[in-house]
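Asker: Model the following, please.
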Amino acid sequence: MNPHRLRAYFYLLLVAVIWGTAVPIIKFTLQGIDPLPFLSYRIAIASLVSIIFLKIGGVKLPKPKETFPLLLAYGFLAVPLALGALFTGLDKSTVLDLTLIGAIGPMVVIFGGALFFRDHITRKEKIGIGIVLVGVFINSFYPILQGSPQIRLTGNLFLIIFLLSDSASVLVAKRAVQNKVKPEILTNMAFIIGAIVLIPITLTAYPAQELVSSILTLPLKYHLGVWYMALLSGNLAYFLYVRAQRSIEVSEATLFSYLQPIFAVPLAIFWLGEKLTPRFIIGALIIATGLIIAEYKKRNS
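Answerer: Prediction:
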C-alpha cells in the first residue's frame with residue numbers, strides 16, 4: 001500500500017477515536033457550564049495555541065486571493081456554525097441520538113463529492129443513502145410521535161444543522177487543500193476566525209464579570225473536558241483530518257466517521273447513564289442496512 005495512503009488511514013483512525021470520545025465528554029462538561037461559554041472558552045484556548053503556532057512556526061498565509069474565501073468559509077462552517085449547533089444540540093438531546101443522526105454526515109459528503117469533485121455515486125449508494133435518511137428521520141422526529149418535550153426535538157434539529165455544516169466544511173477543506181493551502185494554516189485559522197465570531201457574541205449574552213467568575217469557579221473535572229475539546233479534539237484532530245485529505249478521496253475519508261459510535265455509545269451508556277431504547281435499536285438497524293447497501297462494492301467492480 002502507498003505509504004502516504006497508509007499514513008492517512010492512521011491519522012483518520014486516531015481522529016475517529018478522539019472525536020468518538022469527544023461527544024460524551026461534551027455532554028458531561030455541559031453539566032457544569034452552558035453551551036456558549038463552554039464553546040467560547042474552548043475556542044479561546046484553541047485560538048491562542050493557533051496564534052502561537054503560526055507565530056513561532058513563521059507560517060505565512062497564502063497570497064492568492066481565491067484562497068482567502070476558502071479560509072473564511074471553512075473557519076465559519078467548521079467552528080462557530082457547526083460547533084455552536086453541536087454544543088447546543090447536545091445540551092438538549094443525547095449522545096445516542098447523535099450517533100444515529102450522525103449517519104447523514106458522510107451521506108452529505110458523498111453527494112457533495114459527486115457535485116464538486118465528480119465522484120461517482122452508484123445506484124446502490126443512492127438506495128442505501130435513501131434508507132439511511134429514513135432511519136435518521138425516524139430517530140430525529142420520533143419525539144413528536146412520542147409526545148416528548150419539545151426540547152428533545154429542538155436538540156435533534158440542532159444536531160442536524162451541525163452535521164450539515166460540518167459536512168460542508170469537509171468539502172471546503174478538500175478544495176482548499178487542492179489549492180495548496182497547508183493543513184496547519186487551514187485548521188489554525190479556523191480557530192482564530194471562530195474566536196473572532198464567538199467571543200463577542202458570548203460577551204453580549206453574558207456580562208464579562210459573570211463569565212470570568214463562572215470559568216474561574218468551574219470544577220477541575222469540567223476544565224479537563226474543555227481542555228480536551230480545545231487541544232485534542234480541536235487543534236490536533238482538525239489538523240490530522242485535513243492532513244489526511246491530501247492522500248485520499250473525500251468519500252473515503254468520511255467512512256472513518258462510522259467508527260466514532262464504537263467509542264461514543266459505550267461511554268454514553270456506562271458513563272453518562274443513557275439508555276438503549278427500542279427506538280434507538282430500530283433506528284440503528286435501519287441505518288446500518290442503508291450503510292451496508294451504500295458502501296458495499298462487488299469484488300470485481
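Asker: so who does S165 touch?
Answerer: 77-78, 81-82, 85 (CB atoms under 8 Å, 6 or more residues apart in numbering). Every residue, glycine included, has its C-beta placed from N, CA and C.
Asker: Not counting residues beside it along the chain, what's closest to it?
Answerer: A82 (3.9 Å; CB to CB, 6 or more residues apart in numbering).
Asker: What score does the one you found have for pLDDT?
Answerer: With respect to pLDDT, A82 scores 94.
Asker: element containing it?
Answerer: Using DSSP states H and E, the element containing A82 is helix 82-92.
Asker: Count the residues that sit near the residue nearest to S165.
Answerer: Residues near A82, counting by other CB atoms under 10 Å, number 21.
Asker: got the contact list for the spatially most central residue of the chain?
Answerer: Nearest to the geometric centre of the chain sits D166, at 5.5 Å (CA atoms, centre = their mean). Contact analysis of D166 by CB under 8 Å, 6+ apart lists 77-78, 82, 86, 105.
Asker: now G290
Answerer: For G290, the contact set (CB under 8 Å, 6+ apart) comprises 103, 127-135.
Asker: For the stretch 151-300 of the chain, which segments count as helices?
Answerer: 183-205, 208-216, 220-227, 237-244, 250-254, 260-270, 278-295 (DSSP state H, counting those that start in this stretch).
Asker: Mean pLDDT and distance to T67 for the ones you listed - can I get that in a markdown table?
Answerer: Formatted as a markdown table, the helices of the stretch 151-300 of the chain follow (pLDDT from 0 to 100; distance: least, CB to CB, whole Å):
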| stretch | mean pLDDT | distance to T67 |
| --- | --- | --- |
| helix 183-205 | 91 | 9 |
| helix 208-216 | 90 | 34 |
| helix 220-227 | 97 | 31 |
| helix 237-244 | 86 | 14 |
| helix 250-254 | 66 | 18 |
| helix 260-270 | 91 | 30 |
| helix 278-295 | 78 | 33 |
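Asker: deepest of those helices, which one?
Answerer: Mean neighbours per residue, mean count of other CB atoms under 10 Å, is largest over the helices of the stretch 151-300 of the chain for helix 237-244, with a mean of 23.
Asker: Run through the stretch 51-200 of the chain and note the low-pLDDT ranges.
Answerer: Along the stretch 51-200 of the chain, the parts satisfying pLDDT under 70 run over 59, 61-64, 66, 110, 113-121, 125, 138-151.
Asker: For I292, see how far away A230 is.
Answerer: Separation of A230 from I292 (CB to CB, to the nearest Å): 36 Å.
Asker: before we move on, back to that, from the contacts of G290, list just the buried residues.
Answerer: Buried subset of those (neighbour count, 16 or more other CB atoms under 10 Å): 103, 128-129, 131-133, 135.
Asker: picking up where we left off before, TSV please, covering the helices of the stretch 151-300 of the chain and showing distance to F68.
Answerer: Shown next, in TSV, are the helices of the stretch 151-300 of the chain (distance: least, CB to CB, whole Å):
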stretch	distance to F68
helix 183-205	10
helix 208-216	31
helix 220-227	30
helix 237-244	17
helix 250-254	22
helix 260-270	31
helix 278-295	35
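Asker: tally of neighbours for the residue nearest to I193 when sequence neighbours are not counted?
Answerer: When the adjacent residues along the chain are set aside, I193 lies closest to G75, with 3.1 Å between them (CB to CB, 6+ apart). Counted by other CB under 10 Å, the residues lying close to G75 total 25.
Asker: cool, and L71?
Answerer: L71 has 20 nearby residues by other CB under 10 Å.
Asker: Ok, the one 10 residues further on next?
Answerer: By the criterion of other CB under 10 Å, L81 has 20 neighbours.
Asker: contacting residues for it?
Answerer: Counting by CB under 8 Å, 6+ apart, L81 has contacts 161, 165.
Asker: Likewise for T122?
Answerer: By CB under 8 Å, 6+ apart, the contact list for T122 is empty.
Asker: Quick check: S50 vs L70, distance?
Answerer: 17 Å.
Asker: quick one: which of those two has more around it?
Answerer: Higher neighbour count among S50 and L70: S50, with 27 against 20, using other CB under 10 Å.
Asker: ok, and the closest non-adjacent residue to the more buried one?
Answerer: N188 (3.6 Å).
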